[in-house]
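>>> need the 3D shape of this:
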Amino acid sequence: MAEPLPSRPVLYPETDGQPTPDGDYQGEAYRYVVPALQARFRTRPDVYASGDLFIYLEKDNPGNCIAPDAFVVLGAANHRRETYRLWEEPAGVPDFVLEIVSPSTWRTDLGAKREKYASLGVREYWLHDPHGRHLQPALAGYRLEGSAYVPLPAIQTPGGIAMRSDVLGLELHLDGDDLRLFDPVSGEYLPNFVESEAGRRAAEARGRATEADLRKSEAGRRTAEADLRVAETGRRTAEADLRAAKTRIAELERAMRQRRGE
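As a prediction, the model looks like this:
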């Protein structure tokens, strides 16, 4: 009887090998959101933020996967991954998903993909159209209630609209057609790449200035210690000179008494 052939390991590719469709249309928003979320949660060991990463839903079935433009998983270990496999992740499916609408995906984003995320139990589903051509307004948020999504309320602002994400503890603001993440606690927007780079350079400059000040302080401390040592040496020399003078005076007094026959 022939021996059974060994089974081949199941492969879970990191990429489908295809160029990202509508990359320029989506690129600026993607390059802001994912790094901003990763920076936001970089100190949280229990929050994982990523984007454009394959999430495999079923073991031994690599065809059953999704790849959100941006997503956040609460309770997941915060470390780099090549892929996200549900059967290896105790935290399960993402809690927050953002899809950046494009000319080739907007129908799916509003239809089948939204239904897919709802069936998986993703708590919040967000859509952003960077140019407002397929979605008006250009930002929409949904919260899972039961087995379906319901729209999140929007607040009108001078620049556009604002909506709160309970998952992130942030507000998503539409400034014209630009998406920005806003921290209501600090009252500041999460920085984009240019702002982050400027902040990093400013922090490095402050660090260099601090190091220079520390070096100056250290040099001043060493100079002060050297001056103190010189002063201490002078004090000891003066004390030695004083003792020598007293000894000399005592010797002269004895010599004078001897001359007087005392």
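>>> from here on, just use CA atoms for contacts and neighbour counts.
OK.
>>> run through the stretch 1-150 of the chain and note the low-pLDDT ranges.
Within the stretch 1-150 of the chain, the stretches with pLDDT under 70 are 1-8, 12-26.
>>> can you pull out the strands in it?
For the stretch 1-150 of the chain, applying DSSP state E, counting those that start in this stretch gives strands covering 47-50, 55-56, 65-66, 70-74, 84-85, 96-100, 124-128, 139-145, 148-151.
>>> with the stretch 151-262 of the chain instead?
All strands of the stretch 151-262 of the chain, identified by DSSP E, counting those that start in this stretch, fall at 155-156, 161-165, 170-175, 178-183, 188-189.
>>> now the last one, how far from the centre of its chain.
By that I understand strand 188-189. 14 Å (C-alpha atoms, centre = their mean, to the nearest Å).
>>> could you do the third one as well?
Centroid displacement of strand 170-175 relative to its chain, using C-alpha atoms, centre = their mean, is 18 Å.
>>> now do that strand against strand 161-165, angle only.
For strand 170-175 against strand 161-165, the angle by axes from the mean of the first three to the mean of the last three C-alpha atoms, to 10 degrees is 160 degrees.
>>> averaged pLDDT, strand 170-175. What do you get?
For strand 170-175, the mean pLDDT works out to 94.
>>> likewise the fourth one?
Regarding strand 178-183, the rounded mean pLDDT is 93.
>>> quick one: strands adjacent to it?
Strand pairing for strand 178-183, determined by DSSP bridges: strand 170-175 (antiparallel), strand 188-189 (antiparallel).
>>> looking at those, which is buried most?
strand 170-175 (a mean of 20; mean count of other C-alpha atoms under 10 Å).
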